[in-house]
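**Q** Predicted model and sequence below, questions to follow.
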Amino acid sequence: MPSPRTTVTTALTDDGQTWPVIDITHPAFVREPTDLDLEASATTFFAEAERRARIPRFIHRLLLRIVLRKSLLGPGLLAASGGFVTGLNTYLLKLGPDNLPDGASAIDRRIAESFPAISTQLRLKDIARLLAEDLAARLVPRDGRPVVLINIAGGPAADSLNALILLRQARPELIADRRVEVRILDQDAHGPSFAARCAAVLTCGDGPLAGLDLRVTHVLYDWRQTDGLRKALDEASAARALVAISSEGGLFEYGSDADIVANLQVITERASGDTCVAGSVTRGDGPGRAAQAATNIRVIPRSLEQFGALAAGAGWRIDRAITRPFSFDVRLRRKEETGLLVAAGRPSSPGPS
């Protein structure tokens, strides 16, 4: 057995900052809250939300700006009001309080251990596991087919990279001697650039993906115009690639009904029938409702039933759903495939079976 890994590897951002590379199998990232931990966090979160609701919004915003002006995480969260949290700012939340880069303050640690941040960390792990399980079921050892992971609004694509880490750990023979591409469809180039540097670190030396023929590419993409997705799928089809698609914290959370249907319809038309789509859906109840009221981030909350009906209109069904405090983390398959599995609570296993 290899010795336990203790050092967290790092990669550079475009502006020269050194950030940890998330590997959810590494001891630094492996810990998860229990159901009791989550219940306690939810109780505290609701109590704090009630206190904030008694403070006028403009005063609350002013106080936040004063407190967060020297914070590493704060400016990105403040800038997201009325919009969205960027991929890199979301990545920082996924690091957890003990893995923050140099320059992080005590306030940053509090943010990184907050209930929303913990839920974001769980969301990443869920989507990575859903992808890895799917790949483990569909890949045939040594058949030579390339693998293409298409990540819509993927930013640093930590879900795609960690799906490969999980698969490599559980079933290394499935991705041995094959080309793998993570193709990130995103409006911003900084997240994909960081993803490429993370991939370089993970595939070298004794990294968890050491020796893997892995390439990260970026396609400038606005999900309201689906030509880039169509082209990516056509190129994957021409290469006889096995395709898996994800959008963690992206399309299913911020996209309109029409945007979601349009993207799913392109996948229906251009991808093979066994292609899966994994992503997170913002819950419209519980802590998610309170968080949206406090932050004004422009997610579009939906119930699982509402999202299921929306996906069905584009020819998809929910194959699996994991219920988290702020999101439903789902995997979709074509409607013509039989069976439906919707599992509440935590996933059944830490990685591919």
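**A** Perfect, thanks for sending it.

**Q** what about R110, how many neighbours?
**A** Residues within reach of R110, counting by other CB atoms under 10 Å, total 13. No exception for glycine: its C-beta is placed from N, CA and C like everyone else's.

**Q** Please read the previous query as pertaining to Q121.
**A** By other CB under 10 Å, neighbour count at Q121 equals 22.

**Q** did I read that right, it in a helix?
**A** Yes - according to DSSP: H, G, I helix; E, B strand; the rest coil, Q121 belongs to a helix.

**Q** surely it meets P97?
**A** No - using CB atoms under 8 Å, Q121 is not in contact with P97; the gap is 10.4 Å.

**Q** Quick one: the helices in the stretch 151-300 of the chain, in order.
**A** 158-170, 190-202, 227-238, 251-254, 257-270, 286-295 (DSSP state H, counting those that start in this stretch).

**Q** what do you get for the stretch 1-150 of the chain?
**A** 35-53, 57-68, 74-79, 87-94, 106-112, 115-138.

**Q** Going by mean pLDDT, which of those comes out lowest?
**A** The weakest mean pLDDT among these belongs to helix 57-68, with a mean of 49.

**Q** Give me the residue ranges of the stretch 251-353 of the chain where confidence is low.
**A** 287-297, 337-353 (pLDDT under 70).

**Q** Repeat the analysis, applying 50 as the threshold.
**A** 338-353 (pLDDT under 50).

**Q** Just name whatever secondary elements the helix or strand hosting A321 is in contact with.
**A** Using DSSP states H and E, A321 sits within strand 316-323. Of the remaining helices and strands, those touching strand 316-323 by 3 or more CB pairs under 8 Å, 6 or more residues apart in numbering; DSSP states H and E are helix 115-138, helix 304-313, strand 327-334.

**Q** Select, out of these, the one closest to A241.
**A** For the helices and strands packed on strand 316-323, proximity to A241 was assessed by CB to CB; helix 115-138 is nearest, at 11.7 Å.

**Q** got the CA coordinates for the closest one in CSV?
**A** The C-alpha trace of helix 115-138 is given here as CSV (Å, rounded to 0.1, in the frame of the first residue of the first chain):
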residue,chain,number,x,y,z
PHE,A,115,-23.0,26.2,6.2
PRO,A,116,-23.2,27.4,2.5
ALA,A,117,-19.5,26.7,2.0
ILE,A,118,-19.7,23.2,3.5
SER,A,119,-22.7,22.5,1.2
THR,A,120,-20.7,23.7,-1.8
GLN,A,121,-17.9,21.3,-0.8
LEU,A,122,-20.4,18.4,-0.7
ARG,A,123,-21.9,19.4,-4.0
LEU,A,124,-18.5,19.1,-5.7
LYS,A,125,-18.0,15.6,-4.2
ASP,A,126,-21.5,14.5,-5.2
ILE,A,127,-21.1,15.5,-8.9
ALA,A,128,-17.7,13.9,-9.1
ARG,A,129,-19.0,10.7,-7.7
LEU,A,130,-22.0,10.6,-10.0
LEU,A,131,-19.7,11.1,-13.0
ALA,A,132,-17.2,8.5,-11.8
GLU,A,133,-20.0,5.9,-11.2
ASP,A,134,-21.3,6.5,-14.7
LEU,A,135,-17.9,6.2,-16.3
ALA,A,136,-17.1,3.0,-14.3
ALA,A,137,-20.3,1.5,-15.6
ARG,A,138,-19.8,2.4,-19.3
